[in-house]
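please work out how this folds:
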Amino acid sequence: MKFRTLDLTLAAMFVALMAFGSNITSLVPFMVVGGVPITLQTFFAILAGAVLGSRLGAISMVVYALVGLVGVPVFAQFSGGFSTLISPTFGFIVSFVFTAYAVGKIVENKRTLPAFIIASLIGLVINYVIGTNWMYFAYKFWAAAPEGFTYQMAWLWMVVPLPKDVILAIFAGIMAARLERTVLSKSSFSHLRKAA
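Down below sits the predicted model:
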């Protein structure tokens, strides 16, 4: 699959949206629970897969991760650099690649409103499973865990952002379905709708 200039532009747009969504806590710094910033990253990762498809959506998330790892402060709380690899929350960044790919793969086969919403919710589950498990093992093996930290505590921390993320995942599915009917059905975007 060859990528056009339009594809690269759209991928770059989602890298920029991820950077914006990750740093919303700079405006509302109290949105950090258990060391996990409450951001819009999951929303944009889901939307990337739904709009760009599995391959390009995942690639845009890989580029986002690489931009942050080389030192550009695009991660939550304007962080970046290779030191973030050992951050307990880096698993969420890893999960965005799989989230976008899975969402894209599902909607490439069926592009209806229910399919977009189901794909978005599955993407959210992938995000939480990878990110929360990474966080748990990070605190257990290489990061300084809070006193009395347990696997259950790691998941309890995720209860706070869960309602917001469920609502935003559904909203991402609805938005993608609307884009499908209005923008993505245009001939210049038709290649994004084909299964890779």
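
so which bits of the longest helix belonging to the chain are buried?
Secondary structure assigned by DSSP state H gives helix 113-141 as the longest helix of the chain. Within helix 113-141, the residues that qualify as buried are 115-124, 126-128, 130-132, 134-136, 138-139, counting by 16 or more other CB atoms under 10 Å. Where C-beta positions appear, they are placed from N, C-alpha and C, glycine not excepted.

what of stretch 56-73?
Of the residues in stretch 56-73, those buried by neighbour count under the rule 16+ other CB under 10 Å are 56-65, 67-69.

chain center to that stretch: distance?
Chain-centre distance of stretch 56-73: 11 Å, with CA atoms, centre = their mean, to the nearest Å.

now do stretch 86-102
7 Å.

average model confidence for that stretch?
The average pLDDT within stretch 86-102 is 96.

elements contacting whatever helix or strand residue 101 lives in?
For residue 101, the host element (DSSP states H and E) is helix 90-109. Here helix 90-109 touches helix 41-52, helix 54-69, helix 113-141, going by 3 or more CB pairs under 8 Å, 6 or more residues apart in numbering; DSSP states H and E.

how about the CA coordinates for that helix, as CSV?
Extracted C-alpha coordinates of helix 90-109, given in CSV (Å, rounded to 0.1, in the frame of the first residue of the first chain):
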residue,chain,number,x,y,z
PHE,A,90,4.1,4.5,28.8
GLY,A,91,2.0,1.4,28.2
PHE,A,92,-0.9,3.7,27.3
ILE,A,93,1.2,5.2,24.6
VAL,A,94,2.1,1.7,23.3
SER,A,95,-1.6,0.8,23.4
PHE,A,96,-2.6,3.7,21.1
VAL,A,97,-0.9,1.8,18.2
PHE,A,98,-3.0,-1.3,18.8
THR,A,99,-6.1,0.7,19.5
ALA,A,100,-5.9,2.5,16.2
TYR,A,101,-5.1,-0.7,14.3
ALA,A,102,-8.0,-2.7,15.8
VAL,A,103,-10.6,0.1,15.4
GLY,A,104,-9.5,0.6,11.8
LYS,A,105,-9.5,-3.2,11.0
ILE,A,106,-13.1,-3.6,12.3
VAL,A,107,-14.6,-0.6,10.4
GLU,A,108,-12.8,-1.5,7.2
ASN,A,109,-15.1,-4.5,7.0
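
right, I'll call it a day here.
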